[in-house]
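Visitor: can't give you the sequence, but here's the structure:
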């Protein structure tokens, strides 16, 4: 396994605050963002391009460990947002939970916040953090927010015969890799089709245009501002940050999740991209992540990437964004391409320890490194595969219904595509799926159950029950397990023992003609529950 490193953020740096945006006078100047990091007991203020806004959650410590590029800090709190009309506004410097040292910096103290009260606690929510969580999940989206009619440059929407068709260009819009991820299709649909949400996004440019200050400086400066969408009322928010119970105030450093975002479009939504072509059976697929081969991924925030090189995704810890319904968003493939199986995959290698270096800036002709984009959203895909794992789903639901064990999550998703591997497909050409269920025991412990669909008799795999080691980055590590399993021709990877503090194999019920369906299910349920309670 490898690390994700950020060239402009040294290991061990902890983000303490966000400052102003600034821009030079030249026609080619771009907006940049000031940030404040603690490292080695000193406060540093590196400047970043807009694309880095996607990961700048205050309180994050960039630890650069295997599969864990950063971790969050602060007191955890869950709350339900009151109506937006009840929110007030204030400057961050007026919040008692901002450290005195940071409050002495006028650039930090002047940052704008939303202020509201829930259950007797006054929450201070920096406007930048709310916009980051709502909108800033891809570099091109951040750039679009800082341009007039930015969404119209990235997408065009048409409605035909009761369905929406969303088109995006190959260079200035969403990458085709992002469109294959349901979480991004859902986000783009919500952003484009909900008028309140779209107006909120476009208010970023409106505020920027009206409020930026140049004065006698050769730089234009702006304190981030925007108008929140009213549909946030009633949304459940999980946050982290410093809390003072005596004063009843909490400063939100980072929004961990938004649950129950309103999405009222019931039509089918199709996404179109010039490079989305139908793959023929047997093709390894257009896998979007860099083929690491154990090498680190180094992300450069400033170097200009070459538009002619293949765009790759930088897989980050998943940001929690959940809607009140599952939107019917799909990719619209056109045409057909030749079989790519066995074709060489060229990873962009640059000097510096063999790391794969990816650039986040806007692509240009003749750039020096491969372009990269963040992947930090995912969607629930289980409704696309209702007939997979029927017996096991029933067993899991029974365990959750008749015991003190809580079912936290149940997902059925296709195995990831890996270059030069074909085991992500079933023998009939349909996607091979895996099931992942997470449980919480009465003692608070969390366990995962993993199952692979081998109903085409390619291989026989036992069910796995596991406990991940602390700070493992649950979803990311499980996704790595699935990639290794595909690479290993449907074998559970040996790396599981390094990442798990507990690991059990659970045998499937034997297919004996003398045993009924209920008998086989009962024996399997008994074994699974035994390992859950052990």
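Guide: Alright, I've got the coordinates. From a predicted model like this one, the values you see are computed outputs, not experimental measurements.
Visitor: all strands of the stretch 1-150 of the chain, in order?
Guide: Read by DSSP state E, counting those that start in this stretch, the stretch 1-150 of the chain holds these strands, from start to end of the chain: 4-6, 13-24, 32-39, 42-44, 47-49, 61-62, 75-80, 88-91, 112-118, 121-126.
Visitor: and the angle for the last one with strand 112-118?
Guide: So that's strand 121-126. Counting by axes from the mean of the first three to the mean of the last three CA atoms, to 10 degrees, strand 121-126 points 160 degrees away from the direction of strand 112-118.
Visitor: can you list contacts of strand 121-126?
Guide: The list of residues contacting strand 121-126 from outside it, by CB atoms under 8 Å, 6 or more residues apart in numbering, reads 18, 58, 77, 79, 90, 92, 95, 97, 111-117, 239, 243, 248-252, 255. The C-beta positions use only the backbone N, C-alpha and C, and glycine is treated the same way.
Visitor: any stretches of this protein with poor pLDDT?
Guide: Under the criterion pLDDT under 70, the flagged ranges of the chain are 1, 277-294, 334-355, 379-384, 403, 471-473, 511-515.
Visitor: please work out how many residues are found near residue 225.
Guide: Other residues near residue 225 come to 18 when the count uses other CB atoms under 10 Å.
Visitor: what helix or strand does the residue lying closest to it once chain neighbours are set aside sit in?
Guide: Counting by CB to CB, 6 or more residues apart in numbering, residue 207 is the residue found nearest to residue 225 once chain neighbours are left out, at 4.1 Å. The secondary structure element spanning residue 207 is helix 195-211 (assigned by DSSP states H and E).
Visitor: just the helices in the stretch 151-300 of the chain please.
Guide: Chain-ordered helices for the stretch 151-300 of the chain, with DSSP state H, counting those that start in this stretch as the definition, fall at 176-179, 182-193, 195-211.
Visitor: now do the second one against helix 195-211, angle only.
Guide: What that stands for is helix 182-193. What separates the directions of helix 182-193 and helix 195-211 is an angle of 70 degrees, with the same axes, to 10 degrees.
Visitor: what is helix 182-193 packed up against?
Guide: Using 3 or more CB pairs under 8 Å, 6 or more residues apart in numbering; DSSP states H and E as the contact criterion, the elements in contact with helix 182-193 are strand 163-167, helix 195-211, strand 268-272, strand 320-323, strand 329-331.
Visitor: pull the distance from it to the chain's centre.
Guide: On the basis of CA atoms, centre = their mean, to the nearest Å, helix 182-193 is displaced by 13 Å from the centre of the chain it belongs to.
Visitor: re the thing from before, could you list the buried residues of the helix holding residue 207?
Guide: Residues of helix 195-211 classed as buried by neighbour count (16 or more other CB atoms under 10 Å): 197, 200, 201, 202, 203, 204, 205, 207, 208.
Visitor: of the helices of the stretch 151-300 of the chain, give the one that comes closest to residue 321.
Guide: Proximity of those to residue 321 was assessed by CB to CB; the nearest stretch is helix 182-193, lying at 6.8 Å.
Visitor: what are the boundaries of the strands in the stretch 401-534 of the chain?
Guide: According to DSSP E, counting those that start in this stretch, the strands that the stretch 401-534 of the chain contains are 406-414, 433-440, 446-452, 463-468, 500-506.
Visitor: go through these and name the closest to residue 492.
Guide: If you check each of the strands of the stretch 401-534 of the chain against residue 492 by CB to CB, strand 463-468 wins as the nearest, at 6.3 Å.
Visitor: is it possible to get JSON lines of the strands of the stretch 401-534 of the chain that adds distance to residue 104?
Guide: Converted to JSON lines, these look like this (distance: least, CB to CB, whole Å):
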{"stretch": "strand 406-414", "distance to residue 104": "43"}
{"stretch": "strand 433-440", "distance to residue 104": "43"}
{"stretch": "strand 446-452", "distance to residue 104": "42"}
{"stretch": "strand 463-468", "distance to residue 104": "41"}
{"stretch": "strand 500-506", "distance to residue 104": "44"}
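Visitor: could you dump the helices of the stretch 151-300 of the chain to JSON lines with distance to residue 458?
Guide: Rendered in JSON lines, the data for the helices of the stretch 151-300 of the chain read as follows (distance: least, CB to CB, whole Å):
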{"stretch": "helix 176-179", "distance to residue 458": "27"}
{"stretch": "helix 182-193", "distance to residue 458": "26"}
{"stretch": "helix 195-211", "distance to residue 458": "44"}
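Visitor: for those helices, which one sits closest to residue 164?
Guide: helix 182-193 (6.5 Å).
Visitor: direction-wise, compare that closest one with strand 163-167 and give the angle.
Guide: Using the same axes, to 10 degrees, the interaxial angle of helix 182-193 with respect to strand 163-167 works out to 100 degrees.
Visitor: please report how far residue 174 lies from residue 165.
Guide: The span separating residue 174 from residue 165 equals 14 Å under the rule CB to CB, to the nearest Å.
Visitor: neighbour count winner among these two?
Guide: Comparing residue 174 with residue 165 by other CB under 10 Å, the one with more neighbours is residue 174, at 23 against 16.
Visitor: thought that one was touching residue 137?
Guide: No. Residue 174 lies out of contact with residue 137 (CB atoms under 8 Å); the separation is 10.8 Å.
Visitor: joint contacts of those two?
Guide: Contact with both residue 174 and residue 137 is made by residues residue 184, according to CB under 8 Å, 6+ apart.
Visitor: next up, the contacts around residue 318.
Guide: Taking CB under 8 Å, 6+ apart, we find residue 318 in contact with 376, 377, 378, 475, 476.
Visitor: who does residue 37 bridge with?
Guide: Beta-bridge partners for residue 37, by DSSP bridges, are residue 15, residue 44.
Visitor: just list the residues touching it, thanks.
Guide: Going by CB under 8 Å, 6+ apart, the list of residues near residue 37 reads 9, 13, 14, 15, 16, 43, 44, 45, 46.
Visitor: can you tell me, leaving aside adjacent residues, what's nearest to residue 76?
Guide: In space, and not counting its chain neighbours, residue 76 is closest to residue 240: 5.5 Å by CB to CB, 6+ apart.
Visitor: and stretch 134-151, which residues are buried?
Guide: By neighbour count, with 16+ other CB under 10 Å as the criterion, the buried positions of stretch 134-151 are 134-146, 150-151.
Visitor: out of the helices of the stretch 151-300 of the chain, which gets nearest to residue 385?
Guide: Smallest distance to residue 385 across these (CB to CB): 12.5 Å, for helix 182-193.
Visitor: mind checking how far residue 266 is from residue 328?
Guide: Here the distance between residue 266 and residue 328 works out to 8 Å (CB to CB).
Visitor: so how far is residue 436 from residue 378?
Guide: For residue 378, the distance to residue 436 under the criterion CB to CB works out to 12 Å.
Visitor: picking that back up, export the strands of the stretch 401-534 of the chain to a markdown table and append columns for mean neighbour count and distance to residue 129.
Guide: What follows is the strands of the stretch 401-534 of the chain, written out as a markdown table (neighbours: other CB atoms under 10 Å; distance: least, CB to CB, whole Å):
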| stretch | mean neighbour count | distance to residue 129 |
| --- | --- | --- |
| strand 406-414 | 17 | 25 |
| strand 433-440 | 21 | 27 |
| strand 446-452 | 21 | 27 |
| strand 463-468 | 20 | 28 |
| strand 500-506 | 15 | 33 |
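Visitor: residue 260 is nearest to which of those?
Guide: strand 406-414 (15.7 Å).
Visitor: mind listing residues that contact the closest one?
Guide: The set of residues external to strand 406-414 that reach it, using CB under 8 Å, 6+ apart, is 380-382, 385, 388-389, 393, 396-397, 399-400, 424, 431-440, 446.
Visitor: ok, 7 Å please
Guide: 380-382, 385, 388-389, 396, 400, 424, 431-440 (CB atoms under 7 Å, 6 or more residues apart in numbering).
Visitor: quick one, what contacts residue 400?
Guide: The contact partners of residue 400, taken as CB under 7 Å, 6+ apart, are 406, 407.
Visitor: now residue 164. Nearest residue, chain neighbours left out?
Guide: The shortest distance from residue 164 to any residue other than its chain neighbours is 4.6 Å, reached at residue 269 (CB to CB, 6+ apart).
Visitor: what's the answer for residue 491, then?
Guide: In space, residue 491 comes closest to residue 485 once its chain neighbours are excluded; the distance is 6.6 Å by CB to CB, 6+ apart.
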